[in-house]
Every structure is written in C-alpha cells, then in structure tokens.
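J.: Model the following, please.
(chains A and B)
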Amino acid sequence: MTFLARRIGFYLVTAWAAVTLNFFIPRMMPGNPVDALINRYQGQMSSDAIASLNVLFGMDDTSSTFQQYLHYWSLLFHGDLGLSFTFFPTPVGGIITQSLPWTIGLVGLSTILSFVIGTLIGTAIGWRRGTWADSILPITTFFSAVPYFWLGLLAIMLFGVVWQVLPASGGYDGGLVPTFSGEFIGSVLQHGLLPAATIVISSVAGWILGMRNMMVTVSSEDYVTVAQAKGLSERRVMFGYAARNAILPQVSGFALSLGFIVSGTLVMEMVFSYPGIGYVLYQAVSAKDYPLMQGVFLIITLSVLVANMLADLIYALLDPRTRQEG
Amino acid sequence: MLNRRLTSAALGLAALALVATGCSAGGATASTTTAGQTLTIGMPNGSQTDNSNPFMNTSSAMSLGYAFAIYEPLVQVNPIQPTQDPVPWLAESWKWSDDFTSITFTIRDGVKWSDGEALTAKDVAYSISLRKDNDALNTAALPYKDVATEGKTVTVTFDSSQYVNQNKVLNLFVVPEHIWSTIADPTTDLNQKPIGSGPYTLKSWTPQAAILVPNTDYWGGKPAVPELRYTSYNDNNALTTALVNGDAQWGWTFIADYENVYISKDKDHNTFWAPAGLGIDTLYLNTETAPFKDVALRKALNMVIDRAAVHTTATSGVFPQLESITGLPTPAGDDYVASAYAGKKFAVDVDGAKKVLADAGYTLDGSTLKDPSGTAVTFTLTDPTGWSDYLTSLQLVADAVKPLGITATVEGMNADAWFTAIANGDFQATMHWTDSGATPWDMYSDIMDGAQYVALGEKANWNFGRFQDADATKALATFATSPDEATRKAALDTVQKVFVEQVPAIGMVARPTAAEYSTKNYVGWPSADDPYNQPQPTGPQASQILMKLKPASK
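T.: Take a look at the predicted model:
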C-alpha cells in the first residue's frame, strides 16, 4: 500500500511541475501571436488587422504573469483550456477532441502492431540464433535508419502518384461525413494503411532487436535447460519459459511508448496530411498560440505520466522482485 | 498459463491487422472516381476547426475561402486592374462624396438570405455597424464615423478621406442582422451554421473537408458547379501532390518549377496564373546607419541588381518580374507611372554604378571598395531561415555587388527574431513585402512614408528603413486626402521621383495573387485573356469566379 501511495504522491508533484512549466515555457519563447499571424500570411493579410487582432487575442491585457498563472489554474480546475489563437475563437478542448482520436487510433494501432510483430519476430530469431533468420535484423534496421519522411514520401510517390492505388493524404475521403458506416470505416482504413505501414516498417527493428537479445540471454538460463530436459515441446519452452522471462523489458518499453503515442508523430502527420494532434501542436508552436500549446502539452504530459505509472505497476505485477521494500 | 493468453492475444491482434489491411486494399479504387462534377478547392493551411466566423482570419471559412462563397461583398473590386470600374454586387450602385469621407450604397432588390429572409439596407448598415462598434471585427481598421439607412440606401461616413482605402470599403461583406443580432459575442462565435446571401451554402463540415451546395434561391441564378469541396492540406507538398494528381482542381501554393511539376502533367487543362497587384517584395535598406545612410551607395546597389534573375532564379518564374524603375508592377501599375518615367526599365549597369560611387568619393583599394572616410564597405543581408525565395534573392544581391568591390554576406535568422529586428531597425538590408491596395499609395507609404517613421529601436509597422524625406511625406499625405485628381497625380509623381532618385528601398519582384486551376471540368476562370478578377479561391472575388464557371464541353 505504501508503495502505491508513494508512487501516486510522486506523480502528483511531477504533474504540478509539468503544468507550471507548461505555463511558463511558451511565454518565454520569442515572438507573439499577432506578429506570427501577420507573418504567416506574408502580405496576404493587411497590416491594418494588427490593431483588431491585439484586441481580439487580449494582448492588451495588463495583468501580471503571476495573476495569469493563478487564472490558468482556476480555468484548469473548471476543465476550461481557453480559446485557441490559431483557430480563434475555437476552444482548445474542441481542437484536441477533434484531432486526438485520429492520432491515438493510427499511431496507437501501429505501435501495438509494431510491438507485437517485432516481439514475435525477435522471439523467433532469438530462439533460432545463428540461422538464416538473423539476416532479418540488418534489413529491418536499414528501414529504421532511413529517414522517416523520405520513406513516407517514397510511399506516397509510388502508391499515391505513380500507381494511384492508395490515397496520398488525409484521414478519410473528403466527400464523406464521419459516421459509423461501412463506407466511412473503409475509407479510414484505406487512408490509414500507408501511414501505418510506414510507421511499422520504420519502428519494428527496435522491438526485434530488444527481444532477440533478451531471448539470447535467457535461453542459456538453467530453467530453460531444465524445461528442455523435461521433454517439453520446443514451442512450449520457447514461449512459456524463454519468451515469458525475456519479454519483461519489452513490456515496460511498450508501456512507455504508449505515453508518446499521444504526442503523435509530427513527421507522419505532415507527410500524409493526417488530421492528428502532432501537426496541431506544430501549428500552435509556430503561431505562438499559448492556449493551444498549453492544452496539447498538458494532454501529452498527463499521458506520459499515466503511461509511466502503468509501466511501474505492470512491472511490479509481472516481476515480484520490484515489489519488495528496502 | 499467462503465456498462453498473451500469445493468443497477440496472434489475435496480428490477425485483426491482417484483416484490416486486406479490407482496405480491396476498397482502394472507390474514392478516386467521386470527383465527377465536384470542384475540390485545396489550400495548404494545415488543421482546421469547425469555425465559420467570417470576421476571423483564423476561421476555417476564411482560411480555406468558403466564407466568400457564402458571404458576398457589396462590390467586386479587381486588384489586378486597379483602374478598371468595380463590378456592382450586393450594391447596385454607390457614390463617394468628393472628399471621399462618405459613401452611399444603393442595395440590390430581390436578394434573399439562404434561410429565405430578404436582404435589406438594414442588414448592410448592421454589418458595417458591427465593425464600427467592435474594434476586434474592424480588420481593415477603417475610421467609421456614422452609418445611416434611408429606404434602400446606406450612407457611411468616415473620420478622414478613404481615397486610398476605397477597395476595403467596397469589398465589405454583409451578414444578416436577424442572425447576428442574436449572437451574444460576435468575436467568439463559431457560426457553425452560416447563413449568407452567396451562391452556396454550407452542407457539412468535417476536419477533412467543408462541403458546399448551391443556394437554391440565389439572386444571381444557379451556379454551374453542383458541389464545392474545400480541403486543407498540411503543407505545400501535400497540396502540390493533390493538384498534380487531380484530387484538387483549384488552389494556391508555391510550386517551384511549376512548368514541369504541375503543368506538364496535364498540359491542356492545368493552368497557373500569377497576375500582379500593386504590392511588391522590396529590399529594405537601413537609411539611418552605415553603409546605406549614403544615397550614392543605395543608388549603385539599385543599378546592379538583375530583376530578371530574381524573377527566374529566386521565384522560379512564379512572381512577375519588376520592370518599371518606379517599382510599380506591370501591368497593374502601368496607369500610375509618372510620364517622366514612362517606359523606363530597370537594367543592370555595373559601369554606371561604379561611376556613381566614384563621383561620391568612394575609392577602390585593390578589389575592396572604401567609402570616403576610408572604411571598407560591407553589409549583411538577413531574412528568416527557410524562406528560400527571399534568401536566394539576397544571395543574388550579394553576388551582384561583388564587381563593385563590396563584400555582402547573407544570414538566415529565426523568423521571430527577424520580425523583431526588422521592426526595430536592427538590420542593414532585408527583404520584406509591402501591402497592396486600391492605389500605389499603400506600397509607397509602406516603403518611404515619413508619417510612419519611428526612431531606431522602437517598433515600426512600416518604413522599416527609417526613410525620411519631407517632400515624399507631404506628397503621400496629399495623395491620400486630396479631392482633386490632378493634385493627386502630381503628388504621386513627386513620390515616384523621390523613389527613383533617392532609392529609399529597392524594388525586387512583384507579389502576385496567384492560383493553380484545372480547366478539365469547368471553364470560365480568370486568366490573362479575361482578367476579370484575381484567381485565388480565398477572397471576396470567390463568388464572382464561381458564378462565371461553366462546365467544360467534352
């Protein structure tokens, strides 16, 4: 029980520090939202708009930073993240709920896929080390070494432009309205295929490598030899004895990577024009959109913290040694 | 037993994924054929939110441009032919007072809002009062004084002459009073069900696309396109891909080497048109610090820059070349060029530049130019990193001054730092745009208006080079306020004389209002042969263009 209480206390303090940093860091960045907006339009927007924008964004607000900080906390407790500047006057909460499901759906699914495929392959080639299967490693590491944007652009060029078999951009066909219809879901899957495939291809090597190395270590342990001596089937020994122990670091790595799903993969979202949260954050940062930045950072911080906590707990559950005190 | 369950769960997931991939591969061809008669309009503006507030440049409606398929302006003005008569739109006619401090609009009869209510002069007056009473909505910063209606006319008065702002007044769009007067705060309303008078109404909005269908009782008749689909792409590359493979048929994004990348993919239909308005890209020179304090050096620099190279190399031929030595773009500015400078064009003249420098007391020490006090002449050219067209232009300038014995270096900066530096006058030479307007006044005022002067270290909105010349400042003020046409012309001639002789800044290239469009399904686009308006999808001209489109005969 003390273990749990101590962990929760720790995470509360971390959350407070993170939220406070969230508030101050964007304000320490150079530039301001009005200049950024005028800059972005490069003369397409008349400079006469500066005056109206200052009023609109509340840049004429004279309260001190500390007052704003207190105000920010009181808004947070009311669940209000404010109005975005970039998409003024859309509420930040609305933008996040609009883009987050896409990121979680696509990046989440491809992270799980990548983990499952990587771990299975890693188990197999770790068990049969020294055979032809080892050559899978350099091939997959090659793909993870290739810059992701290049892989993405290549995929778009081949499948979207040259062969035109898959859509090159977007999360679903623009003519559809999101509903739970077969047509819409089909369109989502079809649009998600290229980005998901490229993410899996470029990230699977890490999982394979980690699992294979643990398998190699574990398979020389005495209990594996005992299991084999007992005459258990090869498959049973591989999964039940070797893989079960080798998977521990993989699981905590996986729990941690779940936290980063929420921050999205900016490059993927840019290359594929995917409507996720990574690109929203990028836009917010380049537009000095403090409310939106804070909102997105908050969600990311909280999810990383939750993932960490989950990793802590799962590990304690899987490996009794970490539960022992002192 | 844990291991069994884990493994089978994992296998299950993998199987699910395989099924998913199988499904999607099968449906791959379905979406490519829906284009049919739909017109897809793309902009490279990133994520959008369900926000159709036409007063906010940040809304999806304004960012993608569909606000102007729904809301219409009083009058259609053509920024690429500024001397042409504007086209009556919601206003049948209008009349300025002689001193341009008041305008009376006569509102068209028989116009209905898309919810069936009639559009009246009161709606127009209300729309203008909204801007008058809310600084946050007055995006054109017009100094409104009073708004009055009488029958079907609306009279608006201003605190000062609006001669140079005519387009901003004529272009004002109109919103229905019966909707907006019930909105608590127009500055924070998302207006998700926009009611307008335009040729289209919003059918559905999703983060991927805004879909518009014709307004059934539109006063101007039935538009030819049965469905508009406005889509936002996350960057220029994504939109370029969409334009090239035909997913989008109208849009604006900078495509380097557009001939090969875009036009050659469908020579008969893909069109790129970049007409100039009255705005330019200009090289601001800091006229308060060395070395550009000296007019001789500014003149010499102006003589060695190759505008044709800026046009072809830096902007890939996209931005129209600047020809007239007055800095006015061709053909939009032709009618304004002073008779003394008619037909005079920029030409590279290295020997002439050397002579100007020698006459001013500059000497060549070996291959280094020294100013009259004996200091070597060097300067730094700055612009934000990543603005490749600007940085290439700057490199051309740096190369051009080498034969004069000047060492110039090009430096990229962080965009925010640059914005602060240029506003505070903390630079030697930097490239920046000017506004464009109804007359060349905006452009010249942005470059050299003493009324915009602030000391070095304070934040300037324009006149970044801190240029001061009493004649030019007076002439600009006269041009903006004089009720007499001959006086205005004389004033503009004076401004041009100062611009040519004192080189407050250097005109580099014209800033076009450019767009890509395909004539495969629809014709009737604005073009060099029929320049009835600028071709961009985002602007009040959208309703005019949409009403001119006709199905292509096949």
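
J.: Do a quick rundown of the strands in chain A.
T.: In chain A, no strands are defined using DSSP state E.

J.: Need the residue closest to the centroid of it.
T.: residue A:261 (1.8 Å; CA atoms, centre = their mean).

J.: Spit out the contact partners of that one.
T.: By CB atoms under 8 Å, 6 or more residues apart in numbering or on different chains, the contact list for residue A:261 reads A:103-104, A:107-108, A:111, A:303. (C-beta placed from N, C-alpha, C; glycine too.)

J.: Put the buried members of those into a ChimeraX selection.
T.: To isolate in ChimeraX the members of these that are buried, counting by 16 or more other CB atoms under 10 Å in any protein chain shown, one can use:
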select /A:103,104,107,111,303
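
J.: In the contacts of residue A:261, find the pair that's most separated.
T.: Greatest spacing in these, by CB to CB: A:111 and A:303 (12.8 Å).

J.: In a strand, residue B:92, correct?
T.: Yes: counting by DSSP: H, G, I helix; E, B strand; the rest coil, residue B:92 is part of a strand.

J.: What's the per-residue pLDDT of it here?
T.: Looking at residue B:92, its pLDDT reads 95.

J.: Count the residues that sit near residue B:129.
T.: Neighbours of residue B:129 under the rule other CB atoms under 10 Å in any protein chain shown: 15.

J.: Quick check: closest non-adjacent residue to it.
T.: residue B:147 (5.1 Å; CB to CB, 6 or more residues apart in numbering or on different chains).

J.: Residue B:516 - that's part of a strand, no?
T.: Yes: the assignment for residue B:516 (three-state DSSP) places it in a strand.

J.: Let me know the helix or strand that residue B:328 is in.
T.: Using DSSP states H and E, residue B:328 sits in no helix or strand.

J.: beta partners of the closest residue to chain A within the stretch 201-350 of chain B?
T.: Taking CB to the nearest CB as the measure, the stretch 201-350 of chain B has residue B:209 as its residue closest to chain A, at 3.4 Å. Listed by DSSP bridges, the beta-bridge partners for residue B:209 are residue B:206, residue B:231.

J.: check contacts around it.
T.: So residue B:209 contacts A:174-175, B:229-231 (CB under 8 Å, 6+ apart).

J.: coming back round to it: could you measure from the residue nearest to the centre of chain A over to chain B?
T.: Residue A:261 is 16 Å from chain B, where distance means CB to the nearest CB, to the nearest Å.

J.: Which residues of the stretch 201-350 of chain B lie near chain A?
T.: For the stretch 201-350 of chain B, the residues in contact with chain A (CB under 8 Å from any CB of the partner chain) are B:204, B:206-209, B:211, B:229, B:231, B:233-235, B:237-238, B:241-242, B:244-245, B:247, B:279.

J.: rewinding a little: pLDDT value on the residue of the stretch 201-350 of chain B closest to chain A, please?
T.: Note on residue B:209: pLDDT of 90.

J.: number of nearby residues for the residue lying closest to residue B:172 once chain neighbours are set aside?
T.: Spatial nearest neighbour of residue B:172, excluding adjacent residues (CB to CB, 6+ apart): residue B:74 at 5.7 Å. Counted by other CB under 10 Å, the residues lying close to residue B:74 total 27.

J.: Now do the contacts for residue B:74.
T.: By CB under 8 Å, 6+ apart, the contact set of residue B:74 is B:89-91, B:94, B:105, B:124, B:170-174.

J.: one step back: against which helices or strands is the helix or strand hosting the residue nearest to residue B:129 packed?
T.: Assessed by DSSP H and E, residue B:147 sits inside strand B:144-150. For strand B:144-150, the elements it packs on are helix B:121-133, strand B:153-158, judged by 3 or more CB pairs under 8 Å, 6 or more residues apart in numbering or on different chains; DSSP states H and E.

J.: Quick one: these as JSON lines, columns for mean pLDDT too.
T.: JSON lines is the format used below for the helices and strands packed on strand B:144-150 (pLDDT from 0 to 100):
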{"stretch": "helix B:121-133", "mean pLDDT": "95"}
{"stretch": "strand B:153-158", "mean pLDDT": "96"}
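
J.: Using JSON lines, please lay out the ones you listed together with distance to residue B:364.
T.: Listed next are the helices and strands packed on strand B:144-150 as JSON lines, based on distance: least, CB to CB, whole Å:
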{"stretch": "helix B:121-133", "distance to residue B:364": "58"}
{"stretch": "strand B:153-158", "distance to residue B:364": "55"}
